[in-house]
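Trainee: sequence and predicted model, in that order:
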Amino acid sequence: QQQVKQSPQSLIVQKGGISIINCAYENTAFDYFPWYQQFPGKGPALLIAIRPDVSEKKEGRFTISFNKSAKQFSLHIMDSQPGDSATYFCAAGMKTSYDKVIFGPGTSLSVIP
Amino acid sequence: NAGVTQTPKFRVLKTGQSMTLLCAQDMNHEYMYWYRQDPGMGLRLIHYSVGEGTTAKGEVPDGYNVSRLKKQNFLLGLESAAPSQTSVYFCASSLRSTQYFGPGTRLTVT
């Protein structure tokens, strides 16, 4: 019930292409869905987050799509750039319980020229 | 404003040795967390704290102890290191939902 599944494990995309990472959760009590970006040798940093009352959130080239009935959400990176090469973690949490954040296993994205 | 800092950055231990990892934050956050990151496993919560003087167990607490004597510091201890504790350890802090991570400590236990 607490698990967050994430796919694919790794992804190679050509520069200018669209990168898509998918996540699924089981616990319907989750009401906060952030994505974190981690560069090699660094700690994860918040990229973008969404709440279940909206189906999509866009920030620049990054878009989260959310399907509440399917308990799935995904990250789309448009016009992918080599600088986007990093590991991406989806997560699910509860706004009222800041300790209850569960991370997915991560996706290693490589954007090649 | 340094954010979240971790000491040390790297450490090699022999099986059975003990050590303490230090996490410090200057953002006046109430919540602090210790995670371990292993390939293909994502970030797994070891222990966390909801305020000065409080600690609680996370998903993988066995073999670790923590203390939060001061609001800005969160210490992670390994009393008797085991090879299974070879990992990268991240500390994080949060005021609300967003967690801010430190740069990590790479620990190898031989």
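Mentor: Looks like it arrived, so ask away.
Trainee: look at stretch B:27-40 and report the distance between its end residues.
Mentor: Distance across stretch B:27-40, first residue to last, is 31 Å (Cα to Cα, to the nearest Å).
Trainee: how distant is that stretch from the center of its chain?
Mentor: Relative to its parent chain, stretch B:27-40 has a centroid offset of 6 Å by Cα atoms, centre = their mean, to the nearest Å.
Trainee: give the buried residues for that stretch.
Mentor: Using 16 or more other Cβ atoms under 10 Å in any protein chain shown as the test for burial, stretch B:27-40 gives B:29, B:31-37. To be clear about C-beta, it is placed using only N, CA and C from the backbone, and glycine gets the same treatment.
Trainee: out of those residues, which sit inside helices?
Mentor: With helices defined by DSSP state H, no entry of the buried residues of stretch B:27-40 lies inside them.
Trainee: keep only those residues that also lie close to chain A.
Mentor: The subset of those within reach of chain A, by Cβ under 8 Å from any Cβ of the partner chain, is B:31, B:33.
Trainee: in TSV: the buried residues of stretch B:27-40, plus pLDDT.
Mentor: Shown next, in TSV, are the buried residues of stretch B:27-40 (pLDDT from 0 to 100):
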residue	pLDDT
B:29	94
B:31	94
B:32	96
B:33	96
B:34	97
B:35	97
B:36	97
B:37	95
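Trainee: so who does residue B:109 touch?
Mentor: Shown in contact with residue B:109 (Cβ atoms under 8 Å, 6 or more residues apart in numbering or on different chains): B:12-15, B:81-86.
Trainee: at 7 Å instead, please
Mentor: Neighbour list for residue B:109: B:13, B:15, B:81-83, B:85-86 [criterion: Cβ atoms under 7 Å, 6 or more residues apart in numbering or on different chains].
Trainee: against chain B, how distant is residue A:90?
Mentor: Distance from residue A:90 to chain B, counting by Cβ to the nearest Cβ, to the nearest Å: 9 Å.
Trainee: let me see the contact set for the residue nearest to that residue when sequence neighbours are not counted.
Mentor: Closest residue in space to residue A:90, ignoring its immediate chain neighbours: residue A:23 at 3.7 Å, by Cβ to Cβ, 6 or more residues apart in numbering or on different chains. Counting by Cβ under 7 Å, 6+ apart, residue A:23 touches A:4-6, A:72-74, A:90, A:104.
Trainee: 6 Å instead, please
Mentor: A:6, A:73, A:90, A:104 (Cβ atoms under 6 Å, 6 or more residues apart in numbering or on different chains).
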